[in-house]
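# with the input below, show me the fold.
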Amino acid sequence: MKPTLLFLLLILACSCNSAFSICEPVKSFVKTVLFKSDDEVEKEVSKHTEDSDAKNAVFKLKECVNELSLLQKATLLPVVRKVMKNCDSIQ
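Model prediction:
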């Protein structure tokens, strides 16, 4: 699966669940995975979980995101904003 599609599917899956107040954590996660270093991602993930499967999933996602160019990351932002705007309007 292409990294861009994988990333967008993750955002969509997380933000479509209106039963939980997840908009802010998803926004933070997106910013972290898109623009922070691998070490910063590891520190952030470690704050929230000790589950090795969850950590490995985030690290695999980060590997995919690292394959994206800065231009590709920038083109994702309007889509992410639109999804997050819808998330905000649900709550």
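
# only C-alpha atoms from now on, for both contacts and neighbour counts.
Will do.

# and the strand or helix carrying K47, average pLDDT?
If you go by DSSP states H and E, K47 is part of helix 38-48. For helix 38-48, the mean pLDDT works out to 89.

# with stretch 72-91 instead?
Per-residue scores along stretch 72-91 average to 73.

# going by length in residues, pull out the top helix of this protein.
If each helix of the chain is counted by residues according to DSSP state H, the longest one is helix 70-90.

# residues of it that come out buried?
Residues of helix 70-90 classed as buried by neighbour count (16 or more other C-alpha atoms under 10 Å): 73, 76, 80, 83-84, 87.

# pull the residues that contact the helix holding K47.
The contact list for helix 38-48, computed with C-alpha atoms under 8 Å, 6 or more residues apart in numbering, reads 32-33, 55, 58-59, 62.

# please produce a markdown table containing the buried residues of helix 70-90, extended by distance to P25.
Shown next, in a markdown table, are the buried residues of helix 70-90 (distance: C-alpha to C-alpha, whole Å):
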| residue | distance to P25 |
| --- | --- |
| K73 | 19 |
| L76 | 18 |
| V80 | 13 |
| V83 | 14 |
| M84 | 11 |
| C87 | 12 |
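
# tell me which of those is nearest to K27?
Distances from K27 to the buried residues of helix 70-90, taken as C-alpha to C-alpha, are shortest for M84 (7.5 Å).
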